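[1] Model the following, please.
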Amino acid sequence: MNFQTVFESILANWHLIILFFTAAILYSSVGFGGGSSYLAILALAGIAFTQIRVTALLCNIVVVFGNVMLFYQQKKIPWKKVIPIVLWSVPLAYLGGKLAINKTLFFILLGFTLLFAALSMWVSKRLVSTVKEKKTFNTIKNSIFGGGIGFLSGMVGIGGGIFLAPLLHLSNWDTPKKIAATASFFILVNSIAGVFGLYSNPNLQVDWMLTSILLVTVFIGGQIGSRVSNTILTPVLLKKATAILIGSVSIRILCKHLFPFFT
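    Coordinates of the predicted model:
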């Protein structure tokens, strides 16, 4: 690897770099990782499906790590309630990542995942827990939530926060701040487990040059976003705009792979 090779790769993928950089700034500024957007961007760019998952998960890890550290310092992570969730989500996210799936199944799962993410973002303001503090919790329910979401997350290549947060809000699981902290930690550990699962697959093929460039890109964008409040787009407007983008991508993917004769 030399400077000229890196420079040529940057020039060839400048559009991906700009989109990832922008997504990292916007999402980190409101406490998210941006995994669903990374998946949508990579899918639209026609990146090999064997690479999409690992690249999105690694970018998730880089962006969300700072948020987890911040929540940890603020003591916002309710460990007693989080442990039952991740105790099952981590091994199942690993298994989901390790599972070899064909291209058509992957894109169908991705399409439905992005569609759910879009709908969740669109109605997210209505799905906010109203409790101030909830002392009791159902360990079995938490474990079921974590395990099921973890497995699906590993298969698709996301952290799973987009599934977990709405469920926790709907069940008045805890305060909105602690739910956000839990979702961030959930995304981090599931993404790590998913990467290990994918890496154990002998058929894994990754363009590490492109992936490394995108990791540096989202790291810089994430650091900027986590330190600068977004004054142009409010979190609500950001979610609405992203929901429209991701929703349109999901419909395009589903139409292409469920009804190929229409495309």
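[2] use CA for all of it now, contacts and neighbours both
    Noted.
[3] for this protein, what spans make up the helices?
    In the chain, the helices defined using DSSP state H lie at 3-12, 14-29, 35-44, 49-73, 79-98, 103-122, 139-156, 161-170, 176-199, 208-227, 235-258.
[4] looking at these, which has the lowest confidence?
    Among the helices of the chain, helix 235-258 carries the lowest mean pLDDT, at a mean of 77.
[5] Now do that helix and helix 35-44, the angle between them.
    Interaxial angle of helix 235-258 relative to helix 35-44 (axes from the mean of the first three to the mean of the last three C-alpha atoms, to 10 degrees): 40 degrees.
[6] Using PDB, write out every CA atom in helix 235-258.
    The C-alpha trace of helix 235-258 is given here as PDB (Å, rounded to 0.1, in the frame of the first residue of the first chain):
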ATOM      1  CA  PRO A 235     -33.100  15.800  15.500                       C
ATOM      2  CA  VAL A 236     -36.700  15.500  14.300                       C
ATOM      3  CA  LEU A 237     -36.000  17.000  10.900                       C
ATOM      4  CA  LEU A 238     -32.900  14.800  10.500                       C
ATOM      5  CA  LYS A 239     -35.000  11.700  11.300                       C
ATOM      6  CA  LYS A 240     -37.700  12.700   8.900                       C
ATOM      7  CA  ALA A 241     -35.300  13.300   6.000                       C
ATOM      8  CA  THR A 242     -33.400  10.100   6.700                       C
ATOM      9  CA  ALA A 243     -36.600   8.200   6.900                       C
ATOM     10  CA  ILE A 244     -37.600   9.300   3.400                       C
ATOM     11  CA  LEU A 245     -34.100   8.400   2.100                       C
ATOM     12  CA  ILE A 246     -34.000   5.000   3.700                       C
ATOM     13  CA  GLY A 247     -37.600   4.200   2.900                       C
ATOM     14  CA  SER A 248     -37.100   4.900  -0.800                       C
ATOM     15  CA  VAL A 249     -33.900   2.700  -0.800                       C
ATOM     16  CA  SER A 250     -35.800  -0.100   1.000                       C
ATOM     17  CA  ILE A 251     -38.600  -0.100  -1.500                       C
ATOM     18  CA  ARG A 252     -36.100  -0.100  -4.400                       C
ATOM     19  CA  ILE A 253     -34.200  -3.000  -2.900                       C
ATOM     20  CA  LEU A 254     -37.400  -5.000  -2.200                       C
ATOM     21  CA  CYS A 255     -38.800  -4.400  -5.700                       C
ATOM     22  CA  LYS A 256     -35.600  -5.500  -7.300                       C
ATOM     23  CA  HIS A 257     -35.200  -8.800  -5.300                       C
ATOM     24  CA  LEU A 258     -38.800  -9.700  -4.600                       C
END
